[in-house]
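Asks: take this sequence and fold it.
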Amino acid sequence: MHIKTIGGNGGDGCISFLSEWANEYAGPDGGDGGNGGHVILQACTSVKDLKNVDSVVKAEQGEKGSNRDCHGKNADHTLIKVPVGTVIKDANGCIVGDLKEEGSMFLAARGGAGGKGNKFFTSPTQQSPDICEYGAIGENINYHIEISSIAHIGLVGLPNAGKSTLLQAISRARPKIAPYPFTTLKPHIGMVLYNDYEQIAVADLPGLIEDSHKNKGLGIQFLRHIERCSVLLFILDMSLDQPWNSLDILKNELSHYSNNLLQRSQLVVANKIDLLDRNDKLKQLRDKTDLEVFPLSAKTGQNVGGLLQKIRILYDKNVNKT
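Replies: Below is the predicted model:
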């Protein structure tokens, strides 16, 4: 989404001259204005989307200075909470912020400094200055922000390969499941819990189609989510006549988007083995790829426990190295 962030203006300085009963011309006493507030984006794990982020976010202005050298109050900063994994890009499309961790912040627009009151300008040669400064104008900057999923394991597959069913089988996530393409319109993250209290984040990524890297189907915006995953599981529908063709399509799309993706640790998950029409299909798949092939049925639960053990091994090897 596109947002405009506007820092608060600084408060104006004050022109004032102190007048007391014993000294009618006691000198200048105009105070400085307060600083305007900043606009800050902060990553928060409890926030799951950007729907509550306004398209225009404006911080408060600083207060004006007043007499008796009273400075105006600095404005509070405007804090906008966004999901962990939010990427901020400038108007040229360059990444200027990447909020990968809980609590990480990005200063989107600075508030203006408060203006000086006339007391500030007092000098030996200017005893009664009748000038002050206006508060500085806050920054006005446009950004494009998007969520890029952060997960240890990414489930990659064509539409209806069974990714959502598998995520539901191995975690507490409840993604929408239906027998038509593009059920998953945004990534779902499920947490896999182990007996030693280790938690592994698994992402059900939207289904890729051929030429996704050319923005077809759901487009390259979803390929970006894969970049955050350390391990890739290719989910294949074994009920297809030639499921290995699906693997070729997936690897081709990833390589066109970024060659680095295929350097990650990978595992082929042969899903829907309960629907196999030929016993030799699994052997043919293994003959056509150098990757390890792990057969299971997410729907019936067959061999799902074994996949959980395999995921833990891949996690310990590629993510939890320490």
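
Asks: over to N259: give its phi and psi.
Replies: phi -60, psi -30 (degrees, to the nearest 10).

Asks: where in the stretch 201-322 of the chain is pLDDT low?
Replies: Across the stretch 201-322 of the chain, the ranges flagged by pLDDT under 70 are 207-222, 277-279, 320-322.

Asks: any chance you could map the helices in it?
Replies: 223-226, 243-257, 281-287, 304-318 (DSSP state H, counting those that start in this stretch).

Asks: out of the ones you listed, deepest packed?
Replies: Of all the helices of the stretch 201-322 of the chain, helix 223-226 carries the top mean neighbour count, a mean of 21, counting by mean count of other C-beta atoms under 10 Å. For glycine as for every other residue, the C-beta is placed from the backbone atoms N, C-alpha and C.

Asks: ok, the closest residue to V82 other than its chain neighbours - contacts?
Replies: The spatial neighbour of V82 that comes closest, neighbours along the chain excluded (C-beta to C-beta, 6 or more residues apart in numbering), is L41 at 5.4 Å. Contacts for L41 were tallied using C-beta atoms under 8 Å, 6 or more residues apart in numbering; they are I80, V82, T86, I88, G97, L99, M105, F106, A108, I145.

Asks: geometric centre of this structure: which residue is closest?
Replies: T86 (1.6 Å; C-alpha atoms, centre = their mean).

Asks: which residues touch that one?
Replies: L41, A43, L50, G97, D98, L99, I145, E146, I147, S148.

Asks: grab the nearest non-local neighbour of it.
Replies: L99 (4.7 Å).

Asks: now swap in A26 and tell me
Replies: Per C-beta to C-beta, 6+ apart, closest to A26 is L18, 3.9 Å.

Asks: give me the beta-bridge partners of that neighbour?
Replies: G27 (DSSP bridges).

Asks: list the beta-bridge partners for the residue nearest to the centre of the chain.
Replies: Note on T86: beta-bridge partners by DSSP bridges are L99, I147.

Asks: how far away is G97 from I313?
Replies: 34 Å (C-beta to C-beta, to the nearest Å).

Asks: where in the stretch 51-200 of the chain is pLDDT low?
Replies: For the stretch 51-200 of the chain, the stretches with pLDDT under 70 are 149-150, 172-187.

Asks: let me see the ranges of the strands in it.
Replies: Here the stretch 51-200 of the chain has its strands, by DSSP state E, counting those that start in this stretch, at 56-58, 78-83, 86-89, 95-99, 105-109, 140-147, 153-157, 188-193, 199-204.

Asks: about what we covered before: so which of the helices of the stretch 201-322 of the chain gets nearest K272?
Replies: helix 243-257 (9.0 Å; C-beta to C-beta).

Asks: residues in contact with the residue nearest to G10 when sequence neighbours are not counted?
Replies: Nearest residue to G10, sequence neighbours excluded (C-beta to C-beta, 6+ apart): G135, at 2.9 Å. Residues in contact with G135 (C-beta under 8 Å, 6+ apart) are 9-13, 33, 36, 61-62, 64, 112-115.

Asks: one more: G93?
Replies: By C-beta under 8 Å, 6+ apart, the neighbours of G93 are H144.

Asks: start the count at 204, not 1, going forward
Replies: Sure, I'll start counting at 204 from here, so that last one is G296.

Asks: D477 versus that one, what's the distance?
Replies: Applying C-beta to C-beta, the value for G296 to D477 is 45 Å.

Asks: cool, and E456?
Replies: Look at E456 and D477: by C-beta to C-beta, they are 27 Å apart.

Asks: run a quick neighbour tally on the residue nearest to T289.
Replies: 24 (other C-beta atoms under 10 Å).

Asks: related to what we said a few turns ago, list only buried entries from the contacts of L244.
Replies: Neighbour-count burial (16 or more other C-beta atoms under 10 Å) applied to the contacts of L244 gives I283, V285, T289, I291, G300, L302, F309, A311, I348.

Asks: now the fourth one: closest residue in space that isn't a chain neighbour?
Replies: In this case it means I291. Using C-beta to C-beta, 6+ apart, the closest residue to I291 is G300 (3.5 Å).

Asks: go through stretch 291-301 and flag the buried ones.
Replies: Of all the residues in stretch 291-301, those buried under the rule 16+ other C-beta under 10 Å are I291, K292, G300.

Asks: alright, that wraps it up for me.
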